[in-house]
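Colleague: Output the structure for:
(chains A, B, C and D)
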Protein chains: 4
Amino acid sequence: MVPADLEQFFSNDRFAAHVGIELTAAAPGRATARLQVQDHHLNAVGVVHGAAIFSLADLVFAVASNSHGTVALGVNVAISYLSAARAGTLIATAEEVSINPKLATYLIHVHDQDHKLIALFQGTVYRKREALDTVVR
Amino acid sequence: MVPADLEQFFSNDRFAAHVGIELTAAAPGRATARLQVQDHHLNAVGVVHGAAIFSLADLVFAVASNSHGTVALGVNVAISYLSAARAGTLIATAEEVSINPKLATYLIHVHDQDHKLIALFQGTVYRKREALDTVVR
Amino acid sequence: MVPADLEQFFSNDRFAAHVGIELTAAAPGRATARLQVQDHHLNAVGVVHGAAIFSLADLVFAVASNSHGTVALGVNVAISYLSAARAGTLIATAEEVSINPKLATYLIHVHDQDHKLIALFQGTVYRKREALDTVVR
Amino acid sequence: MVPADLEQFFSNDRFAAHVGIELTAAAPGRATARLQVQDHHLNAVGVVHGAAIFSLADLVFAVASNSHGTVALGVNVAISYLSAARAGTLIATAEEVSINPKLATYLIHVHDQDHKLIALFQGTVYRKREALDTVVR
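Modeller: Below you'll find the model as predicted:
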C-alpha cells in the first residue's frame, strides 16, 4: 500500500511514469516498485538497459527518502550490476540504513521475478526542511 | 561525428531512444551525447530527474566502452549529483581513464548549456571478446 | 574460526597488520574482522579516520572474495559513512551478494560495539584463475 | 606549499601519520600528498594494498575539503582501482569539482612516479559551520 500523500506526490514524477515504473508499496523509510519489462527498456544487445534498472531503483530511493514528509535530494549513488535481465518483472526494494536530520542513506535491491538479484544500489540524500506538499510543481 | 558502426549499433538502444538522448560524437574511448530537457524528464519537484541525468551519462559510458569493437558490460557506476537542472540542453562527455584486456574505467561529466557541472559519473565495464556486430538483437 | 589456508594467506597482509586489524572469522563468501580503536586510528578532529574504517571493511572484502581459493582483485568500492566512531571495538562483516566466474560483489557492514551502523561498503572484485597459494610473496 | 593553519590542523591526523603519508601542497579546494611505498603498505600478494591507496587519496580529500576553514565530514566515496602499484612513490591530487554551503565534491587522481594512473577516487563531504580551529582534539 502507498500512503495517499506519497502517492499523490509521486504521481507527479513524470520520468518514472515515462519509463513505466509502478510504485507498489511505501512506508516510512521503505518503498517497493516494479517494472514490467517492455521493448523500450532494452539496450543495443537486447537486455534490460542499466539505466532502466537504475531508474527503477531510483524511484524507491526517492520514495523511501521522501517518506518522512520533508524533501530529500539525491547526493550520490553507487550501483553494481550483478546479472543481466531480459524479460518479465523487475522488483526494487529500498531500506533505510541510516538517517539523521541532514543526511540519510538507503540500500536498494533489484530482483527479477525468480528472486535473482539483478543490481545492488546504495544512495545518500541531503534532507531539506521544506515539507513535500510545498514543493510540488 | 559518430562512426557508422557505432551509430548503427546504438541505433538499437531502445531505452536511450525512449528517453530522448542523442549521440553527437564518438571516437575510440570517447563519446558525447545530449538531452534536450522535456516535461517527461522531470521528477516530482519539477527538476530534471536523477535517473534521466544518469541515463544520459550512461549512454556515453556505453558508447565509449564499446568503441573498441568488442562488447563491454557495465559492472558498476558511482554518480554524484552536483547541481539541479531545470531546462535547456544537457551534455554528457565520456573519457577513458583506464583500459586493459578485461576491464576499463570511464569518467563522465554532465554539464548544462551554460557549462555548469550537473553530475560526475565514474563507471567500470567488463570487456568481453565478442565483436559488437555479433551481438545485436 | 578462520580456515588455516586463509589465515596463513592473510598473515602476509602487512598493511592490515600495520593498521591493527584482526580477522576473526571466515568461510566461503563470508568474513568478519575487528579493530580495537587506538590513538593511531584517529583523524585530526579526534574521531576514527574514514580510511581506518575503510581498511577494516577492506580486509573482510579481501578475505571473503579470496575465500574460494583463487585470487580476487578489487575493482572498485563505494563506501558511505553513516555515524562517527570514537572508541571501543569496530566490527566488519562481509557477505557475498553475487558471484560468477569473472566477477563477484560483496556488501560489508561496519558496526561499533553497541551495534550502531558506522559504514556501508559495497565492492566488486575481478576473479583470476591463479590459486591463492601460488601468489604469496 | 601547505598553508600554516592546514599544516597544523593535519599534523593532528594520527592515522595519516601512522600510514606514512606526507602532505606536500594545499590551497583552497586543492591538495597533493605522497606515499613512499614501504613493506607495511603491501597486501598478501605483495602489491600496494587498496586500503593504503585509499588512505593516500583520503588525505587529499580531507585537506581539500577542509581548506576553506570550516569542518567538512566525509559522506561517501567511490574508488576505482586501475593498475597495481608495487614500489616507488605514489602521488594523490585532489580537485574540487563542486561546492555549495552544505555539500562539496572532489575528484582525486592517484598516480605512480611514472605518471601511470593507479586509482580514481570521487568523494562528497557535508560542510559544517564550525571553524577548523575550534574542533582540534
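Colleague: right, is the longest helix along chain A up against chain B?
Modeller: Using DSSP state H to define each element, chain A has its longest helix at helix A:50-65. Yes: under the criterion of C-beta under 8 Å from any C-beta of the partner chain, chain B is reached by helix A:50-65 at A:50-52, A:54-55, A:58-59, A:62. No exception for glycine: its C-beta is placed from N, CA and C like everyone else's.
Colleague: so where is chain A shaky, pLDDT-wise?
Modeller: Residues of chain A that meet the criterion pLDDT under 70 lie in A:136-137.
Colleague: Do stretch A:4-22 and chain B come into contact?
Modeller: Yes: counting by C-beta under 8 Å from any C-beta, chain B has neighbours in stretch A:4-22: A:9-10, A:12-19.
Colleague: which other residues reach that stretch?
Modeller: Outside of stretch A:4-22, the residues that reach it under the criterion C-beta atoms under 8 Å, 6 or more residues apart in numbering or on different chains are A:2, A:23, A:26, A:33-36, A:38, A:40-41, A:52, A:55-56, A:59, A:62-63, A:66-67, A:69, A:132-133, A:136-137, B:18-19, B:39-44, B:49, B:51-52.
Colleague: Tell me the buried residues in that stretch?
Modeller: When burial is assessed from 16 or more other C-beta atoms under 10 Å in any protein chain shown, stretch A:4-22 yields the following buried residues: A:6, A:9-10, A:13-16, A:18-21.
Colleague: Adding secondary structure, write those out as a markdown table.
Modeller: Formatted as a markdown table, those follow (DSSP: H, G, I helix; E, B strand; the rest coil):
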| residue | secondary structure |
| --- | --- |
| A:6 | helix |
| A:9 | helix |
| A:10 | helix |
| A:13 | coil |
| A:14 | helix |
| A:15 | helix |
| A:16 | helix |
| A:18 | helix |
| A:19 | helix |
| A:20 | coil |
| A:21 | strand |
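Colleague: which parts of chain A sit against chain C?
Modeller: Applying C-beta under 8 Å from any C-beta, we find that chain A lies next to chain C at A:78, A:80, A:82-83, A:97-98, A:105, A:107, A:117, A:120, A:122, A:124.
Colleague: May I ask which two of the residues you listed are separated the most?
Modeller: Spatial extent of these (C-beta to C-beta) is set by the pair A:83 and A:98 at 27.1 Å.
Colleague: Tell me which residue in chain A sits closest to chain C.
Modeller: residue A:78 (3.2 Å; C-beta to the nearest C-beta).
Colleague: and residue A:129, how many neighbours?
Modeller: 8 (other C-beta atoms under 10 Å in any protein chain shown).
Colleague: which stretch of helix or strand covers it?
Modeller: Here residue A:129 sits within strand A:117-131, counting by DSSP states H and E.
Colleague: Pull out the buried residues from that strand.
Modeller: Applying a neighbour-count criterion of 16+ other C-beta under 10 Å, the buried positions in strand A:117-131 are A:118-127.
Colleague: any idea how far chain D is from the residue lying farthest from the centre of chain A?
Modeller: Within chain A, the residue lying farthest from the chain centre (C-alpha atoms, centre = their mean) is residue A:45, at 24.4 Å. To chain D, residue A:45 is 23 Å away according to C-beta to the nearest C-beta, to the nearest Å.
Colleague: in what helix or strand does that residue lie?
Modeller: Assessed by DSSP H and E, residue A:45 sits outside every helix and strand.
Colleague: next one: phi and psi at it?
Modeller: phi -100, psi 10 (degrees, to the nearest 10).
Colleague: Test my guess that it contacts residue B:70.
Modeller: No: between residue A:45 and residue B:70 no contact is recorded; they are 11.9 Å apart, counting by C-beta atoms under 8 Å.
Colleague: still on that earlier bit, and residue A:83 and residue A:98? Which one has more around it.
Modeller: residue A:98 (19 against 14).
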